[in-house]
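# Quick one, fold the following:
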Amino acid sequence: MSVIEPRLSERAVADGRASKCEQICQTLRRYIGSGQLGAGQQLPAERALSERFATTRITIKEALSSLEADGLIYRAERRGWFVAPPRLTYDPAIHTHFHQWIGEQQRTAETRVLAHGGELASSELCRWMGLEPFTPLYEIRRLRLIDGRPVLHVSHHLLASRFPDIASAPLASSLTELYRERYGIGQGGASLEITPSAARGAIARALNLAEGSAVLRLVRVNYDERGALVDCDIEHWRPDAIRICLDTRALQPLAGTLPQTRLVDQG
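Prediction:
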């Protein structure tokens, strides 16, 4: 572990305008930007940082939270603070499955099945998927890791009538490929809703986050080539893991046709 010594910026020292929190952020940013603190490296404990910066733990927590919001560091529950790896570029206009997408960015992907089984559509799922109450679904909950770090909790909610015997399938593999090869269901269009949310319960534990930590929630409703409903994915991302970039030039329709958005397939 690198030893962090407080070194304030010359300008901050000269004009005295930077607060203690800002000064700590500036110092840590320089260490991270220079590579002296590398991706995945653990920071000293909050108590040690407060001693080295001669300040309170409240100020240290404020500085660390600010850097976390910028995606430079992340907190692992009961383990401390770590330097975040570079964010992955997530382009909803590109159609590719999770492991391929991660591999194209020279990172290592892993999928773990957490649980699966039958369920009845909740009121939220009825609204998102346009279903009647009590519609039978099949839920698959999975954890996605990048370079060994849990970054995504996703629950897939499949129309049970379209996927008989799905429980016997290899559920850690690409669901899109499974749909096509086993059930003859191809990938069509999709809709996407993105909102900030809070990690709670099983999601917080799976992502190694403190209860109530900020996450990015993506709700994706998938359709087949004929426009028929297939499933709904509810993704909860660690916010330091991705940045969403969309180039709408790739989505411009030909004259006389309707626009269709293609989305990154998380199967």
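
# What's the local residue count around Asp247?
For Asp247, the count of nearby residues is 9 (other CB atoms under 10 Å). C-beta coordinates here come from the backbone N, C-alpha and C atoms, glycine included.

# thought it was touching Thr89?
No - judged on CB atoms under 8 Å, Asp247 makes no contact with Thr89 at a distance of 10.9 Å.

# for this structure, what helix or strand is lowest in average pLDDT?
Every helix and strand in the chain was compared by mean pLDDT, DSSP states H and E; the lowest is helix 10-15, with a mean of 41.

# If you average the pLDDT over the helix or strand following that helix, what comes out?
Downstream of helix 10-15, the next assigned helix or strand under DSSP states H and E is helix 20-34. Mean pLDDT, helix 20-34: 92.

# Can you show me the CA trace of helix 20-34 as PDB?
What follows is helix 20-34, C-alpha atoms only, in PDB (Å, rounded to 0.1, in the frame of the first residue of the first chain):
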ATOM      1  CA  LYS A  20      -9.800  21.100   3.700                       C
ATOM      2  CA  CYS A  21     -12.000  18.700   1.900                       C
ATOM      3  CA  GLU A  22     -11.000  20.200  -1.500                       C
ATOM      4  CA  GLN A  23      -7.400  20.000  -0.600                       C
ATOM      5  CA  ILE A  24      -7.600  16.300   0.200                       C
ATOM      6  CA  CYS A  25      -9.500  15.600  -3.000                       C
ATOM      7  CA  GLN A  26      -6.800  17.400  -5.000                       C
ATOM      8  CA  THR A  27      -4.000  15.400  -3.400                       C
ATOM      9  CA  LEU A  28      -5.700  12.100  -3.900                       C
ATOM     10  CA  ARG A  29      -6.600  13.000  -7.500                       C
ATOM     11  CA  ARG A  30      -2.900  13.700  -8.200                       C
ATOM     12  CA  TYR A  31      -1.900  10.300  -6.800                       C
ATOM     13  CA  ILE A  32      -4.500   8.500  -8.800                       C
ATOM     14  CA  GLY A  33      -3.800  10.500 -12.000                       C
ATOM     15  CA  SER A  34      -0.100   9.900 -11.800                       C
END
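
# Now do the buried residues in it.
Going by neighbour count (16 or more other CB atoms under 10 Å), the buried part of helix 20-34 is 20-29, 31-32.

# and what of stretch 194-205?
Buried, per 16+ other CB under 10 Å, within stretch 194-205: 197, 199, 203-204.

# Helices along the protein, start to end?
Remark: helices assigned in the chain by DSSP state H are 10-15, 20-34, 46-52, 57-69, 98-104, 123-129, 175-183, 201-206.

# Same list (the ones you listed) but as JSON lines, adding distance to Val151.
Shown next, in JSON lines, are these (distance: least, CB to CB, whole Å):
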{"stretch": "helix 10-15", "distance to Val151": "34"}
{"stretch": "helix 20-34", "distance to Val151": "19"}
{"stretch": "helix 46-52", "distance to Val151": "23"}
{"stretch": "helix 57-69", "distance to Val151": "14"}
{"stretch": "helix 98-104", "distance to Val151": "10"}
{"stretch": "helix 123-129", "distance to Val151": "23"}
{"stretch": "helix 175-183", "distance to Val151": "18"}
{"stretch": "helix 201-206", "distance to Val151": "10"}
